[in-house]
Each structure stands twice: as C-alpha cells, then as structure tokens.
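Peer 1: below are the sequence and a predicted model; questions follow.
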Amino acid sequence: DELFDLWVTDDNKVMVIGGTNAGQVDQVIARFNEDGSLDPTFNQTGILITGNSYWDIWSSAWIDDEGRILAAGASSGLEGSQLSVGRYLSDGAADNSFGFQGTSTLDLDENEYYLDIDGNISGMYFLLAVVGDKNYLIAMDDKGDIIYSFGTNGKVNLDLLQDYEEVPYQLKTNPADGSV
C-alpha cells in the first residue's frame, strides 16, 4: 500500500488516498474518525477501493464547496497510461454526473507519475500533471470534460525554462481573483 495525500475535513475527519495492492494496484480513499477508527459513514466501511486497470493510483485529492471529493491519479493497463480523475459524494458514492460513472480519463500519450488537483474557479477544476519530462496545467469542467479553450487543447505547457528541469509539485487556486 502507498499513500500520497491526506487532509482533514471540515467535520474533523482524516482522509488519505493512494493505492493498495491486492494482486493488482487499485485506487484507495479511506476516511477516519477523530479517534482513528475507520468512518463507516464513508462507503459503509470507511474505505473505498476503485480501479479497473492493471495499475490504478490516486496521488492527490481536493474537496469542493459542495463536499464532493475529487481525486486525481493515473491508470495503466494494456492500452497504456491515462490521467484519471474521480469525483465522489461525501458518503463515498461515485458522482455519476461527472465523467462516466464518476470517473474521467485523459490520454496524454506518456506515463503520468505525479498529479495535483485544486480549485473551482468559474466552474473549472485544475490539474497539475507531470507527464514524462513535461509539465502541464489542465482545465476540466464540472462534468469531467477537458476545457479545450483553455491554453492549447485544454492544457498549458509549464516547461518555462528550457535549460532547466522544472518539476512542479503543488497547485493552488485563488477563487477571489481567479488566479492559478
């Protein structure tokens, strides 16, 4: 098992995300009560395991203003690697109004190895994706679709200094002024 992110919710629950290995690697989100016990109001067990590829992992998550959990990560299978974003209701159920059955995927033609997700500015979610030796800022709408009018085909290349290797690790949005 590998855990990549944790946060405390407004009601003092602790959530962790990552991947678990039970024959193949699957995405995992777990929610704990203040006393450290698993929270049975989240997916009835306190643990949500998803994924349908050979290797699926969540690397970052964010809770929006409506209490929905957005998790970003990667999925790899026979057809290659894809960026994967899932949205779940506060009880752990998939939000079927997002993507296909709560998950949206994007093929970036390379292996993804780090993602961060944040913000809801004017109905957009932003993803930071380190893809091979490239860094991208990607915009998605509230339904899980890429916003192709953002940057070039929905993404902005963050490789700003050609002679240096940049590896961004965190993404923050400011809804007050719309900055990313």
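Peer 2: On my side now, so go ahead.

Peer 1: tally of neighbours for the residue nearest to residue 106 when sequence neighbours are not counted?
Peer 2: Excluding the flanking residues, the one nearest residue 106 by C-beta to C-beta, 6 or more residues apart in numbering is residue 83, at 4.4 Å. In short, each C-beta sits where N, CA and C put it, glycine included. Residues within reach of residue 83, counting by other C-beta atoms under 10 Å, total 22.

Peer 1: check residue 99 too.
Peer 2: Residue 99, neighbours per other C-beta under 10 Å, totals 19.

Peer 1: check residue 34 too.
Peer 2: 11.

Peer 1: phi and psi next, for the closest residue to it other than its chain neighbours.
Peer 2: Spatial nearest neighbour of residue 34, excluding adjacent residues (C-beta to C-beta, 6+ apart): residue 12 at 5.2 Å. Phi and psi for residue 12, reported as degrees, to the nearest 10, are phi 60, psi 30.

Peer 1: what pLDDT is listed against residue 12?
Peer 2: If you check residue 12, the pLDDT there is 91.

Peer 1: wouldn't it be in contact with residue 36 here?
Peer 2: No - contact criterion C-beta atoms under 8 Å: residue 12 and residue 36 do not qualify, at 12.0 Å.

Peer 1: quick check on residue 11: phi, psi?
Peer 2: The phi/psi pair for residue 11 (degrees, to the nearest 10) reads phi -100, psi 20.

Peer 1: what's the answer for residue 101, then?
Peer 2: Taking degrees, to the nearest 10, you get phi 50, psi 40 for the backbone angles of residue 101.

Peer 1: quick check: which element contains residue 140?
Peer 2: strand 134-141 (DSSP states H and E).
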